[in-house]
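Novice: Would you be able to build a 3D model of this:
(chains A, B, C and D)
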There are 4 protein chains.
Amino acid sequence: MAQLSDESARTDLLNRLKRAEGQLRGVQRMVESGDSCLAIAGQMAAVRKALDAAYVRMTVCFMQQELQSRLAPDAKRGQELTAVLDEVQTLLGKVR
Amino acid sequence: MAQLSDESARTDLLNRLKRAEGQLRGVQRMVESGDSCLAIAGQMAAVRKALDAAYVRMTVCFMQQELQSRLAPDAKRGQELTAVLDEVQTLLGKVR
Amino acid sequence: MAQLSDESARTDLLNRLKRAEGQLRGVQRMVESGDSCLAIAGQMAAVRKALDAAYVRMTVCFMQQELQSRLAPDAKRGQELTAVLDEVQTLLGKVR
Amino acid sequence: MAQLSDESARTDLLNRLKRAEGQLRGVQRMVESGDSCLAIAGQMAAVRKALDAAYVRMTVCFMQQELQSRLAPDAKRGQELTAVLDEVQTLLGKVR
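Specialist: Next comes the predicted model:
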């Protein structure tokens, strides 16, 4: 399977992963400073959510890239493609 | 957002949901006949997996339908579209 | 591993599973009557949540049963046990 | 809710979180070096799994700590408690 070739898509994905990494280091600090298990669980849920969102984003970027390059849509179809991908992103964010 | 208009896509989705419902009734029988909690947990995980697969399938069918109708690809582009959607389905099945 | 022997725990679990089954049949009706994919996805997420809650409930009931029967706590310790299990249920509901 | 007071439980949890952080940095390197989206998705699934396992571990450690300190079981009951918590850990690892 192809990789993400679009620079801005990769940067966006990397930023999301870095944020998730920052949150995960935050969880470690919470453990070290003796925060309650409930607070730690809440923060771990936030990391999981961030990872899931990054994954959905990567999937949508992948689709966009592949469909753009393989279908080479004209301007009007390109807009339709973007509209469909927006809906797919909403749909994928719905269950998780 | 649009609904699934393709008959075979709806039938496929309904069959998956019916199978998940059958599995879920199986879980209830296991509880009633006093199966071990571990066995019940395993079967509940199977229902969850079946639901997730149905959801991925619905998303891919939705994409196919919308992209087919809005982009109206010619035969060659139609094949490319199918190839991309196959890869997306693989990708979506990977994390869950 | 042991099964759920407590009658009320089994009834509670069965009721939860039946509700989830009802929701799952609701999803099928939505597909049949041509509801939007977004609405269907939302309802599928609700089924998943109901299953996850049933699973947490089963785990907590299992713990209660095993700890009650194996530790045979006196009244005061029995209250402590209940308090801990309440916190565990809250904790388990946090990430999913 | 209480925090993890047991030193070895906190160390174990921190080690798990650090490993997950290492895996998450691995995902970033994969994105930077242009690995395929499928390979990245697989590695993201691994991070998610590691986080979920850390969360289950924290929950079990929390239960052990609270039940030990609040029930103050004698040696024989202490063994029963450990046996139940082992089963709960298995059960919690089953669905996710």
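
Novice: residues touching residue A:69, list them.
Specialist: Applying CB atoms under 8 Å, 6 or more residues apart in numbering or on different chains, we find residue A:69 in contact with no residue. Just so you know, the C-beta spots here come from the backbone N, C-alpha and C atoms, and that holds for glycine as well.

Novice: gap between the helix or strand containing it and the chain center?
Specialist: Here residue A:69 is covered by helix A:37-71, with elements defined by DSSP states H and E. Offset of helix A:37-71 from its chain centre (CA atoms, centre = their mean, to the nearest Å): 3 Å.

Novice: what residues are up against residue A:17?
Specialist: Here residue A:17 is in contact with A:54, D:24, D:27, D:28, D:31 (CB under 8 Å, 6+ apart).

Novice: PyMOL command for the buried members of these?
Specialist: Here is the PyMOL command that selects the buried residues among the contacts of residue A:17 (16 or more other CB atoms under 10 Å in any protein chain shown):
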select buried, (chain A and resi 54) or (chain D and resi 24+27+28+31)
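
Novice: Give me the three-state assignment for the spatially most distant residue from the centre of chain A.
Specialist: Within chain A, the residue lying farthest from the chain centre (CA atoms, centre = their mean) is residue A:34, at 30.5 Å. Three-state assignment for residue A:34 (DSSP: H, G, I helix; E, B strand; the rest coil): coil.

Novice: That one against residue D:3, yeah?
Specialist: Yes. Using CB atoms under 8 Å, residue A:34 is in contact with residue D:3, at 4.7 Å.

Novice: any weak-confidence spans in chain A?
Specialist: Per-residue confidence for chain A (pLDDT under 70) gives these ranges: A:96.

Novice: Spell out which residues of it are next to chain C.
Specialist: Proximity of chain A to chain C, by CB under 8 Å from any CB of the partner chain, involves residues A:37-38, A:41-42, A:44-45, A:48, A:87, A:90-91, A:94-96.

Novice: out of these, which are buried?
Specialist: A:37, A:38, A:41, A:42, A:44, A:48, A:87, A:91, A:94, A:95, A:96.

Novice: what's near enough to touch the second one?
Specialist: Remark: with contacts taken as CB under 8 Å, 6+ apart, residue A:38 is in contact with C:87, C:90, C:91, C:94, D:1.

Novice: so how far is chain B from the third one?
Specialist: In this case it means residue C:91. 18 Å (CB to the nearest CB, to the nearest Å).

Novice: again, but for the fourth one
Specialist: According to CB to the nearest CB, residue C:94 and chain B sit 18 Å apart.

Novice: for that residue, what are its contacts?
Specialist: The contact partners of residue C:94, by CB under 8 Å, 6+ apart, come to A:38, A:41, A:42, A:45.

Novice: how does it look with 10 Å?
Specialist: By CB atoms under 10 Å, 6 or more residues apart in numbering or on different chains, the residues touching residue C:94 are A:37, A:38, A:39, A:40, A:41, A:42, A:43, A:44, A:45, C:56, D:55, D:59.

Novice: ok, back up a step: between all of the buried ones among the residues of chain A next to chain C, which two are at the greatest distance?
Specialist: Using CB to CB, these reach their maximum pairwise distance at A:37 and A:87, which is 38.9 Å.

Novice: May I ask you to confirm that residue A:82 belongs to a helix?
Specialist: Yes. Counting by three-state DSSP, residue A:82 is found in a helix.

Novice: so what's it closest to, chain neighbours aside?
Specialist: residue A:64 (7.7 Å; CB to CB, 6 or more residues apart in numbering or on different chains).

Novice: Could you find the residue nearest the spatial middle of chain A?
Specialist: The centre of chain A sits closest to residue A:54, judged by CA atoms, centre = their mean, with a distance of 1.7 Å.
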